[in-house]
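*Asks:* Sequence below, structure please.
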Amino acid sequence: MEEVKITGEVEDIIFQNKDNGYTVFSLTTEDDEVTCVGVLPQIHSGEALEIRGEWKNHPVYGKQLQVQYYEKSMPTTQAGMEKYLASGLIRGIGAKTAKRIVEKFGETAFYVIEEKPDLLTDIKGITYEKAQRISEVFREQHELRRAMMFLQGFDISPAYAMKIYKKFKNRTFDIVKNNPYRLADDVLGIGFKMADKMAANVGIAEDNPNRVKAAVKYVLNNAAANGDCFLPKEKLIEDAVELLGLHPLTVENAIRELQVDSQLWQERLEESGGDCVYLNYYFYAEMAVAKHLLELSAEYEPADADTIARAIERVEKETGVMLAEEQRLAVLEAMSSGVLIITGGPGTGKTTTINAILRILQEEEQEVVLAAPTGRAAKRMTEATGMEAQTIHRLLGISFVNEDSRRQSFERDENNPIEADVIIIDETSMVDIGLMQALLRAVERGSRIIFVGDVDQLPSVGPGNVLKDMIRSERLNTVRLQHVFRQAQESAIIMNAHRINEGQEPALNETGTDFFFMRRAYAEEVVWTIQELVTKRLPKFTGCDGLQEMQILTPMRKGILGVQNLNQVLQGTLNPPQKGKREFTFRQTTFREGDKVMQIKNNYNIVWRCVDKWGRRTDEGTGIFNGDCGIVLSIDTDKEMLRVAFDDGKIVDYDFSQLEELELAYAITIHKSQGSEYPVVILPVYSGPPMLMTRNLLYTAITRAKKLVVLVGLRETVSGMIRNNREISRYTGLAHRIRNLYDFMHGEGDIE
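*Replies:* Have a look, this model is predicted:
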């Protein structure tokens, strides 16, 4: 859409979010009065604005100008000055006082307020102290206005300009002119490339040390976003050189300086074949996790095998379920180990084993706490055990986190530990190194911790490969459950999952099966088939609802079979526009009442509540996390608010300016499905990048289904994924650290 430019005077502020600057206001131009929306922090009635933006049609309010950039100038007419001062800008100046100031000083009123505040004491009701306070606030507003205009000169959006100014205040100008790379460190969302563009504009040299150091940290942060805790030094230098266009020696010098400044850690890890470079946070996180695990593991008291055997017999008699030998071993180890890992694929009895452990612990009157990484995984754990489970974040008591913070902080730690004799963590493969560090900090010596998970699932979204590294270290008690039970053998989903994991072809379309394959030669046919499945064939075949109980999982985000396109198609199929069904378009996404949505970033501060069927509040707290799914309950365009009911019962109100945190979830990536289960899973298998079309991605997808799996696409793609056993390799050092520290503690080696 074509960009337009208009000028006018702010007539009225209709709505303004003080935290992020999102504003709805009317602007009086020479010809008309225009409704404008956008991030315009600290604008006030009476100000003159020049705006650039695009026209949008609001479903209720009609034509509005979406502001992309703006410039404002102080009002110059007495009427404009009076309106500006009376707008609520300065506490203590209402309409009457504003009128008196302008009548007294005329067009010099702003000069008097800023430079000669003593003269304001001539106005009735303004004391000397009040005059100074008025002047101070006015100057701050003036400084903010200058900073916003200054930053917009670098093509910084108003939203980011506001973040920068809130962080640095009157130091903004000096920092941008001398070292804009500080913005990349201190302001969330300002990356190296944005800071680098600003640096070029102010004439900072390409080989400036601040630029090179910022590039090194940028490369390492990008690696962390892809799951790596460190990078081999050679790769780090290679990537930084490509980014900067400078000599490798310049980058090596920057790495050395950052290490001297205690921002990086460099060491030789034999497993990786050379020198490795960490951001300090991830190095110390790995060290802390290794230390805590081994300290807890040292609290080992051999259990009386006969006593445990009798307890197991009682459990088997009470439940009518006979435990396999490896399950008995897991129960025995759970009664004696400070740290225990129980791993196994679907149908191998992880839940049965945990329930047996819980029964015995309850007999012993042990205090047990259950937790999982996500709300869905915690809900599944509660249903499977009959005991309340919670998210790890909630167990640790997430603290208020500043919106620019890159790290969460928790109330529970070594000074305020979790009160439990035994802690059981499910879906451990989803736990990244940062969350594991926070969890273990809060487990006091003498408490036992049991980690449960499928090591063959995809690794965590965040940095690290924690469960696999813990097992790979071979220094922590681990029980592998490998026997697939007879009842599980009746499920083609479970048996095919094991076949795929072992590199074998799945059995497809057998009589009475719960695992189907539908061949479709073209991508468009795959889309049409998925539409038909969710609306007609599967509801009739399974009795499951296409919106609530079926989930489309796809390896990719882009393309005809990617998340973005499938969500648009399925929204139109499962939740089409209807009269009386309200909707709101944010950027490229239209949200509609009844839509299936997902939170796509951790928001530690957002408020949620739970209510009973009568609408009475039963619980409340803060924090909604990446991967949480729900349904849009309502959209209120007057209050600029969208309400979501999440699957775990939490209800959250989103301001329209927060909608960047949500996306449609009729189709989601397989990575985002970790920790969840769905009655029906539909998986398009057509084509895609080899790095995505892997065996463990396919394995993870089909193990998300409880009742039915349907693969739609090409059989050769299924076979290709099974052959592609490319593990998602990550640069992590946790296994090495656990081994190294264990051997040192037991006198078998030196700390490397």
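*Asks:* switch to C-alpha atoms for all contacts and neighbour counts from now on
*Replies:* Will do.
*Asks:* so how far is the lowest-mean-pLDDT helix or strand in the chain off the chain centroid?
*Replies:* Within the chain, no helix or strand scores below helix 486-489, which has a mean of 74 by mean pLDDT, DSSP states H and E. In terms of CA atoms, centre = their mean, to the nearest Å, the centre of helix 486-489 is found 37 Å from the chain centre.
*Asks:* cool, and stretch 517-529?
*Replies:* Stretch 517-529 has its C-alpha centroid displaced from the chain centroid by 32 Å (CA atoms, centre = their mean).
*Asks:* Can you pull out the residues in contact with it?
*Replies:* The contact list for stretch 517-529, computed with CA atoms under 8 Å, 6 or more residues apart in numbering, reads 508-509, 560-561, 566, 684, 686, 710-715.
*Asks:* Mind listing what's buried along that stretch?
*Replies:* Judged by neighbour count using 16 or more other CA atoms under 10 Å, the buried positions of stretch 517-529 are Phe517, Met518, Arg519, Arg520, Ala523, Val526, Val527, Thr529.
*Asks:* In terms of secondary structure, what does the least confident helix or strand of the chain contact?
*Replies:* In this structure, helix 486-489 packs against helix 492-501, with contacts taken as 3 or more CA pairs under 8 Å, 6 or more residues apart in numbering; DSSP states H and E.
*Asks:* For the helix it packs on, C-alpha coordinates in PDB please.
*Replies:* C-alpha atoms of helix 492-501 as PDB (Å, rounded to 0.1, in the frame of the first residue of the first chain):
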ATOM      1  CA  ALA A 492       0.500 -48.900  15.300                       C
ATOM      2  CA  ILE A 493       1.400 -45.400  16.400                       C
ATOM      3  CA  ILE A 494       3.700 -46.800  19.100                       C
ATOM      4  CA  MET A 495       5.100 -49.700  17.000                       C
ATOM      5  CA  ASN A 496       5.800 -47.500  14.000                       C
ATOM      6  CA  ALA A 497       7.500 -44.900  16.200                       C
ATOM      7  CA  HIS A 498       9.900 -47.600  17.400                       C
ATOM      8  CA  ARG A 499      10.400 -48.900  13.800                       C
ATOM      9  CA  ILE A 500      11.200 -45.400  12.600                       C
ATOM     10  CA  ASN A 501      13.500 -44.800  15.500                       C
END
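*Asks:* residue closest to the middle of this protein?
*Replies:* The geometric centre of the chain, computed from its C-alpha atoms, lies nearest to Lys601 (CA atoms, centre = their mean), at 2.6 Å.
*Asks:* Name the nearest residue to that one, ignoring sequence neighbours.
*Replies:* Nearest residue to Lys601 in three dimensions, chain neighbours excluded: Asn626, at 4.4 Å (CA to CA, 6 or more residues apart in numbering).
*Asks:* Please settle this for me: is that neighbour part of a strand?
*Replies:* No: Asn626 is assigned coil when assessed by DSSP: H, G, I helix; E, B strand; the rest coil, not a strand.
*Asks:* Which of the contacts of stretch 517-529 fall within strands?
*Replies:* Taking DSSP state E, the ones among the contacts of stretch 517-529 that sit in strands are Pro684, Val710, Leu711, Val712, Gly713.
*Asks:* how about the helices in the stretch 351-500 of the chain?
*Replies:* For the stretch 351-500 of the chain, the helices defined by DSSP state H, counting those that start in this stretch cover 375-385, 392-396, 433-441, 466-472, 486-489, 492-501.
*Asks:* go on, the stretch 551-700 of the chain?
*Replies:* Counting by DSSP H, counting those that start in this stretch, the helices of the stretch 551-700 of the chain are 563-574, 695-702.
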